[in-house]
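Participant: Sequence plus the predicted model coming up.
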Amino acid sequence: MATHARPAGPPRLTAAEFDVLYRRLLSRAAWARGDRGALASLTPARVLAATREVRTGRTVTLASPVETLPGPDNPEPARHRMSVQPEDDTVDGLHFAMDSFAMNVHGDADSHIDALCHVIYDGTLHGGVAASSVTSGGAEALSVEVARNGIVGRGVLLDVPRLRGVPWLEPGDHVSADDLTAAETAQHVHVSEGDLLFVRVGHRKRRSELGAWHAANARAGLHPSALEFLAERRVAVLGGDGNNDTAPSSTEGVDFPVHVLAIHAMGLHLMDYLQFEGLAPVCETEGRWSFLCVIAPLRLPDATGSPVNPIAVL
């Protein structure tokens, strides 16, 4: 395993510094201001090119099982109710086992995708859409329905703990743009325009080995300045095995700076709390960190997000 000396870490951002960064990324992502945001870069030609990543036909899920038990990071777990009639299995004839689900899509445990209407910042949604378009009845614009035809493209996994020679990043640690560039070099892969970028911080591995904790208060993630890397490469989607944002926040007055920059300024659909513990060993064994990726959010026309199960096809 390659090792990479841990730098002192990116500095905290003042409110003024964050505003400068926000405006710079907003300007650089002007091409992604339509209803589909950065998904506009997933042209038919790029989707077709991504199919050439398939060599073995092996498929790997990037989602964790939906959790129905409460925990420190999941006080409102999904509710799963079974309905089996009749309960006496000796009764003859046809019967059905049925169930229903209810969940908090944007929690700190279950894998989900954030729509472009998820972040309201300074009174607007992505692209200057009025925040009033999101009401208790649903989102009138930029809902997850934007991705109703699926998100298909070349996925790239950058494994930062592998780069640093550790099993996971500790809560509060930051992934910098230099980390992403160094991971590319170490893994012999290059993030290109239209790619679906996945960044592993090891959140899931730490959780499985040490137990759940209050991830809302302490978690590893990207430093806001790392979004410069994504803007330069014009990626289409960002996914992480944590929340993508570090906690505590590195930015004065903004609790989720990466969400603000990625969704609001750059038009990126975010996927939070994925898991890469199945994919990373396969990539390591095969010596390649890119793959075809297929993402199919539920068709929830007015929703700010959806449970998600991305599939890597190698």
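Facilitator: Yep, it's here.

Participant: where are the low-confidence patches of the stretch 201-314 of the chain?
Facilitator: Counting by pLDDT under 70, the stretch 201-314 of the chain shows no low-confidence range.

Participant: Hmm, I typed the wrong one, I wanted the stretch 1-150 of the chain.
Facilitator: In the stretch 1-150 of the chain, residues with pLDDT under 70: 1-9, 86-90.

Participant: Could you pull up the contacting residues of the closest residue to residue 10 other than its chain neighbours?
Facilitator: The shortest distance from residue 10 to any non-neighbouring residue, by Cβ to Cβ, 6 or more residues apart in numbering, is to residue 223 (4.2 Å). Any C-beta I mention is one placed from the backbone N, CA and C, and that applies to glycine too. Residue 223 is in contact with 10, 174-177, 246, 250, counting by Cβ atoms under 8 Å, 6 or more residues apart in numbering.

Participant: One more: residue 123?
Facilitator: 130-131.

Participant: Use 36 as the first number from now on
Facilitator: All set: I'll call the first residue 36, so the last point we hit is now residue 158.

Participant: how near is it to residue 170?
Facilitator: Separation of residue 158 from residue 170 (Cβ to Cβ, to the nearest Å): 15 Å.

Participant: And residue 139, by the same measure?
Facilitator: For residue 139, the distance to residue 170 - Cβ to Cβ - is 19 Å.

Participant: Looking at these two, which is more packed in?
Facilitator: A count of neighbours by other Cβ atoms under 10 Å puts residue 139 above the other of residue 139 and residue 170, at 15 against 10.

Participant: Look up the closest residue to the most centrally placed residue in the chain, ignoring the ones flanking it.
Facilitator: Centroid-nearest residue in the chain: residue 306, 2.0 Å away (criterion: Cα atoms, centre = their mean). Distances taken as Cβ to Cβ, 6+ apart place residue 274 nearest to residue 306, at 3.5 Å, with adjacent residues excluded.

Participant: Same check on residue 204?
Facilitator: residue 255 (3.8 Å).

Participant: who touches that neighbour in this structure?
Facilitator: 203-210, 236-238, 277, 281.

Participant: again, only using 6 Å
Facilitator: Contacts for residue 255 (Cβ atoms under 6 Å, 6 or more residues apart in numbering) come out as 204, 206, 208, 236, 277.

Participant: And residue 215, by the same measure?
Facilitator: Contact analysis of residue 215 by Cβ under 6 Å, 6+ apart lists 193, 264.

Participant: Helix or strand: which one has it?
Facilitator: Assigned by DSSP states H and E, residue 215 belongs to helix 212-222.

Participant: Now that helix: buried residues?
Facilitator: Neighbour counts using 16 or more other Cβ atoms under 10 Å place 212, 214-215, 217-219, 221-222 of helix 212-222 among the buried residues.

Participant: repeat for stretch 160-179
Facilitator: Quick answer for stretch 160-179 (16+ other Cβ under 10 Å): 160-162, 164, 168-169, 174, 176-179.

Participant: how much space between the residue lying farthest from the centre of the chain and residue 120?
Facilitator: With distances taken from the mean C-alpha point of the chain and given as Cα atoms, centre = their mean, the most distant residue is residue 127, at 47.3 Å. In this view, residue 127 and residue 120 are 14 Å apart by Cβ to Cβ.

Participant: Repeat that for residue 334.
Facilitator: Counting by Cβ to Cβ, the gap from residue 334 to residue 120 is 28 Å.

Participant: and residue 134, how many neighbours?
Facilitator: For residue 134, using other Cβ under 10 Å, the count is 9.

Participant: Residue 324 now?
Facilitator: If we define neighbours as other Cβ under 10 Å, then residue 324 has 24 of them.

Participant: where do the helices sit along the chain?
Facilitator: Listed in chain order, the helices of the chain (DSSP state H) span 50-63, 79-85, 195-199, 212-222, 238-245, 262-268, 292-294, 314-321.

Participant: helices and strands around the longest one, which ones?
Facilitator: By that I understand helix 50-63. Identification of packing neighbours for helix 50-63 by 3 or more Cβ pairs under 6 Å, 6 or more residues apart in numbering; DSSP states H and E yields helix 262-268.

Participant: Residues contacting the helix it packs on, please?
Facilitator: 60, 63-64, 212, 215, 226, 296.

Participant: one more time with 8 Å, if that's ok
Facilitator: Taking Cβ under 8 Å, 6+ apart as the rule, helix 262-268 contacts 56, 59-60, 63-64, 212, 215-216, 226-228, 230, 232, 273, 293, 296-297, 301, 303.

Participant: Write the ChimeraX selection for whichever of the residues you listed are buried.
Facilitator: With 16+ other Cβ under 10 Å as the criterion, this ChimeraX line picks the buried residues out of these:
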select :56,60,63,64,212,215,226,227,230,232,273,293,296,297,301,303
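
Participant: just to revisit the earlier point, so which of the contacts of residue 258 are in strands?
Facilitator: 209-210 (DSSP state E).

Participant: between the contacts of residue 258, which is closest to residue 97?
Facilitator: Nearest to residue 97 among the contacts of residue 258 is residue 210, at 17.7 Å by Cβ to Cβ.
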